[in-house]
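> Dropping the sequence and predicted coords here.
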Amino acid sequence: MGYYYCDFDAAAAAVDSMLRELVKEHFGDMPHGELEAVREFVFRDFMHYLATRAGIYNWRKFSEERGRQRLCMYIERKWQNLWQLATEWLNLWKIKWSQRVRLVFSEEEFKRATQSVKWSNGIEDVLKKIDITELRLFVIANLIRHGEVAGVEQIAEYLIRDEINAIVERHGPEKAVEMYKSGKLASRLLARIASLKNVGDPLLLLKFDFGRARNY
(Lines give C-alpha, C1' and ligand atoms only; values in the text may rest on other atoms or scores of the structure.)
Protein backbone atom coordinates (compact mmCIF):
# COMPACT_ATOMS: atom_id res chain seq x y z
CA MET A 1 0.00 0.00 0.00
CA GLY A 2 1.44 3.37 -1.00
CA TYR A 3 1.85 6.31 1.36
CA TYR A 4 -0.85 8.96 1.01
CA TYR A 5 0.32 12.53 1.46
CA CYS A 6 -2.29 15.07 2.52
CA ASP A 7 -1.51 18.76 1.92
CA PHE A 8 -2.06 20.20 5.39
CA ASP A 9 -1.42 23.82 4.35
CA ALA A 10 -4.08 23.58 1.65
CA ALA A 11 -6.56 21.96 4.05
CA ALA A 12 -5.88 24.61 6.71
CA ALA A 13 -6.28 27.40 4.13
CA ALA A 14 -9.64 25.96 3.08
CA VAL A 15 -10.82 25.84 6.71
CA ASP A 16 -9.56 29.40 7.26
CA SER A 17 -11.47 30.64 4.21
CA MET A 18 -14.66 28.97 5.42
CA LEU A 19 -14.27 30.45 8.91
CA ARG A 20 -13.66 33.92 7.48
CA GLU A 21 -17.11 33.82 5.93
CA LEU A 22 -18.71 32.63 9.16
CA VAL A 23 -16.88 35.25 11.24
CA LYS A 24 -18.09 37.99 8.90
CA GLU A 25 -21.66 36.76 9.33
CA HIS A 26 -21.42 36.67 13.12
CA PHE A 27 -19.09 39.62 13.84
CA GLY A 28 -19.42 41.81 10.77
CA ASP A 29 -20.16 44.96 12.78
CA MET A 30 -16.82 44.83 14.63
CA PRO A 31 -13.99 47.27 13.82
CA HIS A 32 -11.52 45.70 11.39
CA GLY A 33 -8.72 45.28 13.94
CA GLU A 34 -10.92 43.45 16.43
CA LEU A 35 -12.44 41.36 13.67
CA GLU A 36 -9.02 40.14 12.54
CA ALA A 37 -8.00 39.29 16.09
CA VAL A 38 -11.23 37.37 16.65
CA ARG A 39 -10.78 35.55 13.34
CA GLU A 40 -7.31 34.37 14.37
CA PHE A 41 -8.67 33.01 17.64
CA VAL A 42 -11.58 31.32 15.85
CA PHE A 43 -9.25 29.58 13.40
CA ARG A 44 -6.80 28.27 16.01
CA ASP A 45 -9.57 27.25 18.41
CA PHE A 46 -11.46 25.40 15.67
CA MET A 47 -8.36 23.54 14.53
CA HIS A 48 -7.78 22.42 18.12
CA TYR A 49 -11.43 21.36 18.25
CA LEU A 50 -11.05 19.26 15.11
CA ALA A 51 -7.81 17.71 16.37
CA THR A 52 -9.55 16.76 19.61
CA ARG A 53 -12.47 15.21 17.73
CA ALA A 54 -10.01 13.26 15.59
CA GLY A 55 -8.34 11.85 18.72
CA ILE A 56 -4.97 13.32 17.81
CA TYR A 57 -4.25 14.85 21.23
CA ASN A 58 -4.72 11.49 22.92
CA TRP A 59 -1.35 10.31 21.62
CA ARG A 60 1.63 9.88 23.87
CA LYS A 61 4.83 11.48 22.58
CA PHE A 62 2.97 13.78 20.23
CA SER A 63 4.45 14.14 16.74
CA GLU A 64 3.61 17.39 14.99
CA GLU A 65 4.23 15.97 11.52
CA ARG A 66 2.07 12.90 12.14
CA GLY A 67 -0.57 15.06 13.81
CA ARG A 68 -0.75 17.43 10.84
CA GLN A 69 -1.20 14.51 8.45
CA ARG A 70 -3.94 12.96 10.59
CA LEU A 71 -5.75 16.29 10.95
CA CYS A 72 -5.45 16.97 7.22
CA MET A 73 -7.03 13.62 6.38
CA TYR A 74 -9.75 14.20 8.97
CA ILE A 75 -10.60 17.57 7.36
CA GLU A 76 -10.73 15.98 3.91
CA ARG A 77 -12.95 13.15 5.13
CA LYS A 78 -15.37 15.47 6.97
CA TRP A 79 -15.34 18.34 4.48
CA GLN A 80 -18.93 17.89 3.24
CA ASN A 81 -20.25 18.37 6.78
CA LEU A 82 -17.63 20.81 8.02
CA TRP A 83 -19.62 23.98 7.35
CA GLN A 84 -22.52 22.77 9.48
CA LEU A 85 -20.13 21.58 12.20
CA ALA A 86 -18.30 24.92 12.20
CA THR A 87 -21.57 26.86 12.37
CA GLU A 88 -22.76 24.89 15.41
CA TRP A 89 -19.34 25.17 17.04
CA LEU A 90 -19.16 28.92 16.45
CA ASN A 91 -22.46 29.46 18.26
CA LEU A 92 -20.93 27.84 21.35
CA TRP A 93 -17.64 29.68 20.78
CA LYS A 94 -19.42 33.06 20.85
CA ILE A 95 -20.98 32.25 24.22
CA LYS A 96 -17.66 31.11 25.67
CA TRP A 97 -15.79 34.07 24.17
CA SER A 98 -18.18 36.48 25.89
CA GLN A 99 -17.89 34.55 29.16
CA ARG A 100 -14.15 33.85 29.26
CA VAL A 101 -12.56 36.85 27.55
CA ARG A 102 -12.30 40.37 28.92
CA LEU A 103 -11.27 43.10 26.51
CA VAL A 104 -9.28 46.17 27.52
CA PHE A 105 -8.32 49.05 25.28
CA SER A 106 -5.62 50.97 27.14
CA GLU A 107 -2.19 50.19 28.57
CA GLU A 108 -3.20 51.64 31.94
CA GLU A 109 -6.21 49.35 32.25
CA PHE A 110 -4.12 46.36 31.17
CA LYS A 111 -1.47 47.09 33.82
CA ARG A 112 -4.10 47.53 36.54
CA ALA A 113 -5.70 44.22 35.65
CA THR A 114 -2.44 42.25 35.67
CA GLN A 115 -0.36 43.93 38.37
CA SER A 116 -1.41 41.44 41.05
CA VAL A 117 -0.34 38.40 39.01
CA LYS A 118 3.13 37.21 39.92
CA TRP A 119 4.74 33.90 38.99
CA SER A 120 7.36 32.05 41.03
CA ASN A 121 10.87 32.03 39.57
CA GLY A 122 10.87 28.24 39.82
CA ILE A 123 8.21 27.80 37.14
CA GLU A 124 10.68 28.08 34.27
CA ASP A 125 12.90 25.42 35.85
CA VAL A 126 9.93 23.05 35.95
CA LEU A 127 8.88 23.78 32.37
CA LYS A 128 12.36 22.83 31.13
CA LYS A 129 12.09 19.38 32.74
CA ILE A 130 8.64 18.31 31.53
CA ASP A 131 7.07 17.63 28.14
CA ILE A 132 5.21 20.91 27.99
CA THR A 133 3.80 20.30 24.50
CA GLU A 134 2.18 17.03 25.53
CA LEU A 135 0.84 18.60 28.74
CA ARG A 136 -0.51 21.62 26.88
CA LEU A 137 -2.34 19.47 24.32
CA PHE A 138 -3.71 17.31 27.13
CA VAL A 139 -5.17 20.39 28.81
CA ILE A 140 -6.50 21.84 25.54
CA ALA A 141 -8.28 18.58 24.69
CA ASN A 142 -9.87 18.36 28.12
CA LEU A 143 -10.93 22.00 28.06
CA ILE A 144 -12.71 21.29 24.77
CA ARG A 145 -14.34 18.13 26.15
CA HIS A 146 -15.73 20.27 28.99
CA GLY A 147 -17.18 22.82 26.56
CA GLU A 148 -14.42 25.42 26.90
CA VAL A 149 -13.78 26.15 23.24
CA ALA A 150 -12.63 29.80 23.13
CA GLY A 151 -9.04 30.92 23.69
CA VAL A 152 -8.02 27.36 24.54
CA GLU A 153 -4.28 27.82 23.97
CA GLN A 154 -4.08 30.82 26.26
CA ILE A 155 -6.36 29.35 28.95
CA ALA A 156 -4.38 26.08 28.90
CA GLU A 157 -1.14 28.01 29.36
CA TYR A 158 -2.60 29.94 32.27
CA LEU A 159 -3.97 26.85 34.03
CA ILE A 160 -0.68 24.97 33.66
CA ARG A 161 1.37 27.85 35.00
CA ASP A 162 -1.07 28.53 37.81
CA GLU A 163 -1.08 24.91 39.01
CA ILE A 164 2.70 24.60 38.75
CA ASN A 165 3.09 27.92 40.54
CA ALA A 166 0.96 26.71 43.45
CA ILE A 167 3.05 23.54 43.78
CA VAL A 168 6.37 25.38 43.48
CA GLU A 169 5.43 27.94 46.12
CA ARG A 170 4.37 25.23 48.58
CA HIS A 171 6.79 22.39 47.81
CA GLY A 172 9.48 23.65 45.41
CA PRO A 173 10.33 22.96 41.73
CA GLU A 174 11.56 19.37 42.21
CA LYS A 175 8.25 18.34 43.77
CA ALA A 176 6.40 19.88 40.84
CA VAL A 177 8.47 17.80 38.41
CA GLU A 178 7.83 14.71 40.51
CA MET A 179 4.08 15.36 40.49
CA TYR A 180 4.18 15.77 36.72
CA LYS A 181 5.94 12.42 36.28
CA SER A 182 3.54 10.63 38.64
CA GLY A 183 0.44 12.05 36.93
CA LYS A 184 -0.64 14.06 39.97
CA LEU A 185 -0.21 17.35 38.11
CA ALA A 186 -2.48 16.07 35.32
CA SER A 187 -5.06 15.03 37.94
CA ARG A 188 -4.96 18.51 39.48
CA LEU A 189 -5.43 20.07 36.06
CA LEU A 190 -8.37 17.79 35.27
CA ALA A 191 -10.04 18.77 38.54
CA ARG A 192 -9.37 22.44 37.77
CA ILE A 193 -10.91 22.11 34.31
CA ALA A 194 -13.98 20.32 35.69
CA SER A 195 -14.45 23.11 38.23
CA LEU A 196 -14.64 25.79 35.52
CA LYS A 197 -18.34 25.07 35.09
CA ASN A 198 -18.81 26.82 38.43
CA VAL A 199 -16.68 29.81 37.41
CA GLY A 200 -18.36 32.62 35.52
CA ASP A 201 -15.43 35.02 35.52
CA PRO A 202 -13.19 35.73 32.50
CA LEU A 203 -10.03 33.64 32.23
CA LEU A 204 -8.35 35.54 29.41
CA LEU A 205 -7.49 39.23 29.19
CA LEU A 206 -6.98 40.79 25.76
CA LYS A 207 -5.62 44.24 25.10
CA PHE A 208 -6.51 45.67 21.71
CA ASP A 209 -4.15 48.21 20.26
CA PHE A 210 -5.08 49.44 16.76
CA GLY A 211 -5.57 46.00 15.31
CA ARG A 212 -2.88 44.17 17.28
CA ALA A 213 -4.16 42.13 20.21
CA ARG A 214 -2.01 41.30 23.22
CA ASN A 215 -3.13 38.57 25.54
CA TYR A 216 -2.43 37.47 29.07
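Structure received.

> all contacts plus neighbour counts: C-alpha atoms, from now on.
Will do.

> Give me the three-state assignment for C6.
Classification of C6 using DSSP: H, G, I helix; E, B strand; the rest coil returns coil.

> what's around it, how many residues?
17 (other CA atoms under 10 Å).

> dump the residue contacts of it.
69, 72-73 (CA atoms under 8 Å, 6 or more residues apart in numbering).

> Dump those to TSV, plus neighbour count.
Below are the contacts of C6 laid out as TSV (neighbours: other CA atoms under 10 Å):
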residue	neighbour count
Q69	16
C72	21
M73	19
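
> which sections of the chain are below the confidence cut-off?
Applying pLDDT under 70 to the chain flags residues 1-3, 59, 105-117, 208-216.

> per the record, what domains does it have?
As assigned by automatic domain parsing, the chain contains the domains 8-101, 108-215.

> for this protein, longest helix please?
For the chain, the helix with the greatest residue count under DSSP state H is helix 64-100.

> which other helices and strands contact that helix?
Using 3 or more CA pairs under 8 Å, 6 or more residues apart in numbering; DSSP states H and E as the contact criterion, the elements in contact with helix 64-100 are helix 8-27, helix 32-53.

> make it 6 Å
Helices and strands touching helix 64-100, by 3 or more CA pairs under 6 Å, 6 or more residues apart in numbering; DSSP states H and E: there are none.

> Could I get the contacts of C6 in a markdown table, plus columns for distance to D125?
Shown next, in a markdown table, are the contacts of C6 (distance: CA to CA, whole Å):
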| residue | distance to D125 |
| --- | --- |
| Q69 | 33 |
| C72 | 35 |
| M73 | 37 |
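
> on that earlier part again, starting at the chain centroid, how far to whichever helix or strand comes after the longest helix of the chain?
Next helix or strand after helix 64-100 toward the C-terminus (DSSP states H and E): strand 101-104. Distance of strand 101-104 from the chain centroid (CA atoms, centre = their mean, to the nearest Å) equals 16 Å.

> And for stretch 13-28?
Centroid displacement of stretch 13-28 relative to its chain, using CA atoms, centre = their mean, is 19 Å.
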